[in-house]
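Predicted model and sequence below, questions to follow.
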Amino acid sequence: MEPVTLRVAEARELLSLLPHRLGFAPEESAVVVSLRPPRGEVGLVARVDLAGLGRPEEGGRLARTLVGHLGRDGAAHALLVLYVPEDPRTHRRPDVVAAVAVLRGAAEPVLGEVPCWVVAGTGYLSLDCTDPACCPPGGRPLRELESTQVGATMVVAGSVVLASRDEVGVVRPAPGEARRATARARRRAEDRRAAALAAPGTAAHAVWRSDTLAAWRRLVDATEAGRTPAPPDLGRVEAGLTDATVRDAVLVTFVPGTGDLAERTLAPAGPARDRGEDDELGRALSALVDPVAGVRPPGAAAALVRALEAVVAHGRRGAQAPARTLLALLAWWHGDGVRAAAHVDAALADDPAHGLALLLRDVGEAGLPPGWARRERSARVP
């Protein structure tokens, strides 16, 4: 296999892209990049802790897992980028040496030579470069990474790079008065649900669920229009998401083209819930997970994210597993595994037994992409 060589100008563009793809500036990290045929298109970007990759036994397993993901992405070549405080050529670290060796050892039999670049606190450089005119001690100036075409394009597109991974998925609490108003609305909604469950039959509970979904629709409309979310709707949605049936109906609203299917799924079992409707529901869920029917998230998904973040920001602390899990699902659907994992962690911190959050954690740990991404990967792999 022919070795892949990146010129400094090409490396500068790629290195400026990676924080935008990850969503944050990596530290003490190893990042592997899939370069797809025929012209080295950047595909999968995966980050791991450098310490883990540099450990005996654990590093080998981790490297093989990364190479497996690269292969499924259709990579013809790969690139390794290290994020460390200092130039490892002049400040040798056993864990860095081990990490590079184990990743190259796992990748080279199937992907050929793996170039390694370093972004240090002092500059950026090619790890194997011995030409001081190209990569001087300490590296080339980091300001060169701030003036690239790729970086400018990403900023214009609205991309924001967070300072660290710890900031990914963080939702700041809303002001106190807005949170108190939301709490009052949530308690009223909870009281109405308790009364509905105590009433004979299922009609009252069905009405409560429908009212909750209507509040969700209003909340999304408000965020899409740039309006401040109304505390009564935030409280109703916060209370409603604890009902799995309501949560699943909200999930259906994520999928474009489903019309009033979400409302119809809330109808009591009976003639209104025929087999055709169940088939519609199956097709809607397939849009997220199925490699044949899967679709990319619509542009309107940004309003869904903002609406759920508003629920978390205004909601009761320590009780946001339902909203966090839906945020994780949306992030996974977008292919943002880091953000999905952050929301899953937050959800499980609030409710360690939350079923959907546990499922999404397993999906993330298995490296299973959304349906549309699996289809695109399959199309690239012969």
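Now that the structure is in, tell me what you want to look at. In this text, all values refer to a predicted model and were calculated from it rather than measured experimentally. Numbers count the residues shown, from 1 in each chain.

Now do the same contact list for residue 231.
Counting by Cβ atoms under 8 Å, 6 or more residues apart in numbering, residue 231 touches 178, 181, 182, 184, 185, 314. Quick note: C-beta positions are derived from backbone N, CA and C, even for glycine.

Apart from its neighbours in sequence, what residue is nearest it?
Of all residues beyond its chain neighbours, the one nearest residue 231 is residue 181 (3.7 Å), with distances taken as Cβ to Cβ, 6 or more residues apart in numbering.

do residue 248 as well
That would be residue 265: by Cβ to Cβ, 6+ apart, it lies 6.8 Å from residue 248.

same question, residue 247
Excluding the flanking residues, the one nearest residue 247 by Cβ to Cβ, 6+ apart is residue 241, at 5.1 Å.

and residue 236, how many residues sit next to it?
Neighbour count for residue 236, taken as other Cβ atoms under 10 Å: 28.

Make sure it is actually in contact with residue 185.
Yes: using Cβ atoms under 8 Å, residue 236 is in contact with residue 185, at 6.3 Å.

any chance you could map the strands in the stretch 251-382 of the chain?
Counting by DSSP state E, counting those that start in this stretch, no segments of the stretch 251-382 of the chain form strands.

per-residue pLDDT, the residue nearest to residue 248?
On pLDDT, residue 265 comes in at 88.

Surely it touches residue 247?
No: contact criterion Cβ under 8 Å: residue 265 and residue 247 do not qualify, at 11.0 Å.

more neighbours, the two?
Set side by side, residue 265 and residue 247 show more neighbours around residue 265, with 23 against 17, by other Cβ under 10 Å.

what about residue 34, distance to residue 70?
Counting by Cβ to Cβ, to the nearest Å, the gap from residue 34 to residue 70 is 5 Å.

Need the residues touching each of those two.
With Cβ under 8 Å, 6+ apart, residue 34 and residue 70 have common neighbours 44, 78.

quick check: domain ranges of this structure?
Split into domains by automatic domain parsing, the chain comes to 8-167, 176-379.

Sketch out the low-pLDDT regions of this structure for me.
1-9, 155-160, 162, 268-276, 377-382 (pLDDT under 70).

Pick out the residue closest to the middle of it.
By Cα atoms, centre = their mean, the chain has its centre lying nearest to residue 336, at 2.6 Å.

how close does the nearest residue to it once chain neighbours are set aside sit to residue 170?
In space, and not counting its chain neighbours, residue 336 is closest to residue 23: 6.7 Å by Cβ to Cβ, 6+ apart. Counting by Cβ to Cβ, the gap from residue 23 to residue 170 is 12 Å.

Looking at those two, which is more packed in?
A count of neighbours by other Cβ under 10 Å puts residue 23 above the other of residue 23 and residue 170, at 19 against 10.

how about the helices of the stretch 1-150 of the chain, start to end?
For the stretch 1-150 of the chain, the helices defined by DSSP state H, counting those that start in this stretch cover 8-22, 50-53, 58-72, 94-111, 149-156.

With only the CA atoms kept, save the third one in PDB.
Looking back up the chat, that one is helix 58-72. What follows is helix 58-72, C-alpha atoms only, in PDB (Å, rounded to 0.1, in the frame of the first residue of the first chain):
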ATOM      1  CA  GLU A  58      -5.700  -1.900  27.200                       C
ATOM      2  CA  GLY A  59      -3.900   0.100  24.500                       C
ATOM      3  CA  GLY A  60      -3.800  -2.900  22.200                       C
ATOM      4  CA  ARG A  61      -7.500  -3.600  22.600                       C
ATOM      5  CA  LEU A  62      -8.400   0.100  22.100                       C
ATOM      6  CA  ALA A  63      -6.200   0.400  19.000                       C
ATOM      7  CA  ARG A  64      -7.800  -2.700  17.400                       C
ATOM      8  CA  THR A  65     -11.300  -1.200  18.100                       C
ATOM      9  CA  LEU A  66     -10.300   2.100  16.500                       C
ATOM     10  CA  VAL A  67      -8.900   0.300  13.400                       C
ATOM     11  CA  GLY A  68     -12.100  -1.600  13.200                       C
ATOM     12  CA  HIS A  69     -14.200   1.600  13.200                       C
ATOM     13  CA  LEU A  70     -11.900   3.000  10.500                       C
ATOM     14  CA  GLY A  71     -12.400  -0.100   8.400                       C
ATOM     15  CA  ARG A  72     -16.200   0.100   8.700                       C
END
